[in-house]
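Colleague: coordinates for the following, if possible.
(one chain, ligands or ions: 2)
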Amino acid sequence: MAGEEAFVLDPWGTSHVKDYDRLMKQFGIEPLTPELAKRLPYQHRLVRRRLIFGHRDLEMIVKAIEGGTEYAVMTGIKPSGEFHLGTKLTSEEFIYFTSLSPKARGFFAIADLEAYADNKIPLEESYRIALGNLMDMLALGLDPRRVYVYRQSEEMPVLRLAFIFSRAVTYNTLEAIYGPRPFGLYFSALVQAGDILNPQLPHHGGPKPTLVPVGADQDPHIRLTRDLAAKYRDEFGFLPPAATYHRLLRDLTGQEKMSKRNPMGILYLNEPLESARVKVMNAFTGGRATAEEQRRLGGEPEKCVVFVELLSAHFLEDDKLLEEWYWDCKTGRILCGECKARAWEIIGSWLKSHQEKRAKMRDVAERLLEEKTLG
Ligand code: TRP
Ligand code: SF4
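Modeller: Ligands and ions are numbered 1, 2, ... in the order given. Down below sits the predicted model:
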């Protein structure tokens, strides 16, 4: 791009996006317009607040919803640790799109092979982690009768697809998309393409519109898979997968990418309430240097993790309350200490109720992991 540095989206590293418009232009992602959003049967917080900023071919899914025809929602999560706010977002997006029509079918990949290739996590440990992750997803509202759950390492049709796709992909193509990488990661990318097109295989009912809700950093995989879908259309009848993209949020300390090396930055859904409280009370804010200054100038909610990431992206559902909160901060009516204490009341009670629901989900999660589908 003239005079501007091109974005590099790294699905295995530290992508951070400053300018989503530019990102969309560079890669041909469509913005999620209000007109298209309005055609969704109901607008989730992620849609209303434009946390889902862009898409590819979402219209195809909207038409399936409107026409009452079948479509698949497909996503995956690397079982590399306990659920946190980032994985919560992907799950909520997945659950939302699966709930929009009785004709929707969810497919969920536990990316244990990718967790091994990228994070060296042994498959047995992935199993244990994935069980906990599924408990979180069920507590978040996943309907176990409407989803097909599998582990990459055990899913022969997916692995077979990955092999089949390898015939049409050269090293140069992979390097152009992902940069130089160990073959394990390249292979994970092909397995992910297999995941994404799995719902369109004959034993799952054949070609159908498929939506992949993911974070913006996963777009390289989407591009690769759309390309492969076209290359294998004659053989399999694949429709190119549609995708929705959500923003990549900062961690609690204001860093652009969550890292396990910075535990104060990550809020785990299953973490003890007291440690969660400490993290929230220490979160990065848009407050001023002194109380006097903040009363005079007001705070900067648009820079504040408490406001943007915690309240707006995750925990405050009510749009009107959110707006009031914004102005309380902006006009200096409220200071950060009091504000965080108020925020914690909401977050703490959400976590408490989530953890209670989660604890009851072990049996269902175990059965789902063993049987893949309860529908
Ligand atoms: N690569 C994704 C991640 O890092 C996980 C994943 C595996 C995935 N298969 C998928 C995401 C299929 C979307 C669709 O979390
Ligand atoms: Fe953030 Fe609240 Fe402080 Fe405003 S008052 S900057 S919203 S913590």
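Colleague: who are the contact partners of whatever residue of the stretch 1-150 of the chain ends up closest to ligand 2?
Modeller: Closest residue of the stretch 1-150 of the chain to ligand 2, CB to the nearest ligand atom: Arg49 (15.3 Å). For the C-beta atoms, the positions are set from N, CA and C on the backbone; glycine is no exception. Counting by CB atoms under 8 Å, 6 or more residues apart in numbering, Arg49 makes contact with Ser312, Ala313.
Colleague: hmm, try it at 6 Å
Modeller: Shown in contact with Arg49 (CB atoms under 6 Å, 6 or more residues apart in numbering): Ser312.
Colleague: now it: how far from ligand 1?
Modeller: In this view, Arg49 and ligand 1 are 22 Å apart by CB to the nearest ligand atom, to the nearest Å.
Colleague: same deal with Pro209?
Modeller: As for Pro209, its distance to ligand 1 is 15 Å (criterion: CB to the nearest ligand atom).
Colleague: kindly tell me how buried that residue is, as a neighbour count.
Modeller: 25 (other CB atoms under 10 Å).
Colleague: same check on Ala37?
Modeller: Counted with other CB under 10 Å, Ala37 comes out at 17.
Colleague: and Lys352, by the same measure?
Modeller: Neighbours of Lys352 (other CB under 10 Å): 12.
Colleague: buried ones in whatever helix or strand it lives in?
Modeller: Following DSSP states H and E, one finds Lys352 within helix 336-359. By 16 or more other CB atoms under 10 Å, the buried positions in helix 336-359 come out as Cys336, Cys339, Lys340, Ala343, Trp344, Ile346, Ile347, Gly348, Leu351, His354, Gln355, Arg358.
Colleague: so where is this protein shaky, pLDDT-wise?
Modeller: Within the chain, the segments meeting pLDDT under 70 span 1-5.
Colleague: the residue of the stretch 1-150 of the chain closest to ligand 2 and Cys304, how far apart?
Modeller: Look at Arg49 and Cys304: by CB to CB, to the nearest Å, they are 15 Å apart.
Colleague: equivalent analysis for Phe183, please.
Modeller: Applying CB to CB to Phe183 and Cys304 gives a distance of 43 Å.
Colleague: what does the nearest residue to Phe284 once chain neighbours are set aside show for phi and psi?
Modeller: Residue nearest to Phe284 in three dimensions, not counting chain neighbours: Gly254, with 3.2 Å by CB to CB, 6 or more residues apart in numbering. In terms of degrees, to the nearest 10, the main-chain angles of Gly254 are phi 90, psi 0.
Colleague: so what's the residue of the chain found nearest ligand 1 up against?
Modeller: Residue of the chain nearest ligand 1, by CB to the nearest ligand atom: Gly76 (2.7 Å). Contacts for Gly76 (CB under 6 Å, 6+ apart) come out as Ala109, Ala111, Asp195.
Colleague: domains of the chain?
Modeller: Domain segmentation of the chain under automatic domain parsing yields 20-248, 263-359.
Colleague: buried residues, stretch 311-323. List them.
Modeller: Buried residues in stretch 311-323, counted by 16+ other CB under 10 Å: Leu311, Ser312, Ala313, His314, Phe315, Leu316, Leu322.
Colleague: closest to His16 out of these?
Modeller: Closest to His16 out of the buried residues of stretch 311-323 is Ala313 (15.7 Å), distances taken as CB to CB.
Colleague: off-centre distance for stretch 335-342?
Modeller: 29 Å (CA atoms, centre = their mean, to the nearest Å).
Colleague: residues of the protein that sit close to ligand 1?
Modeller: For the chain, the residues in contact with ligand 1 (CB under 6 Å from any ligand atom) are 11, 74-78, 109, 111, 114, 192, 195-196, 212, 214, 218.
Colleague: just flag the most distant two among those.
Modeller: Most distant of the residues of the chain next to ligand 1, by CB to CB, are Pro11 and Met74, 15.9 Å apart.
Colleague: of those two, who's got more company?
Modeller: Shown here are Pro11 and Met74; by other CB under 10 Å, Met74 has more neighbours (28 against 23).
Colleague: which residues touch the nearest residue to that one once chain neighbours are set aside?
Modeller: Ranked by CB to CB, 6+ apart and with sequence neighbours excluded, the top spatial neighbour of Met74 is Phe107, at 4.3 Å. Neighbouring residues of Phe107 by CB under 6 Å, 6+ apart: Ala72, Met74, Tyr148, Pro199.
Colleague: Val212 pairs with what?
Modeller: Using DSSP bridges, the bridge partners assigned to Val212 are Ala243.
Colleague: quick one, phi psi at the residue of the stretch 101-250 of the chain found nearest ligand 2?
Modeller: Closest residue of the stretch 101-250 of the chain to ligand 2, CB to the nearest ligand atom: Arg250 (13.0 Å). Arg250 has phi and psi values of phi -80, psi 160 when expressed as degrees, to the nearest 10.
Colleague: Ser15 - how many residues pack around it?
Modeller: Residues near Ser15, counting by other CB under 10 Å, number 20.
Colleague: in contact with it: list those residues for me.
Modeller: Leu9, Asp217.
Colleague: surely Ala117 and Pro182 touch.
Modeller: No. Assessed by CB atoms under 6 Å, Ala117 is found out of contact with Pro182, at 7.3 Å.
Colleague: so between the two, which is more surrounded?
Modeller: Regarding Ala117 and Pro182, a neighbour count based on other CB under 10 Å identifies Ala117 as having more, with 22 against 11.
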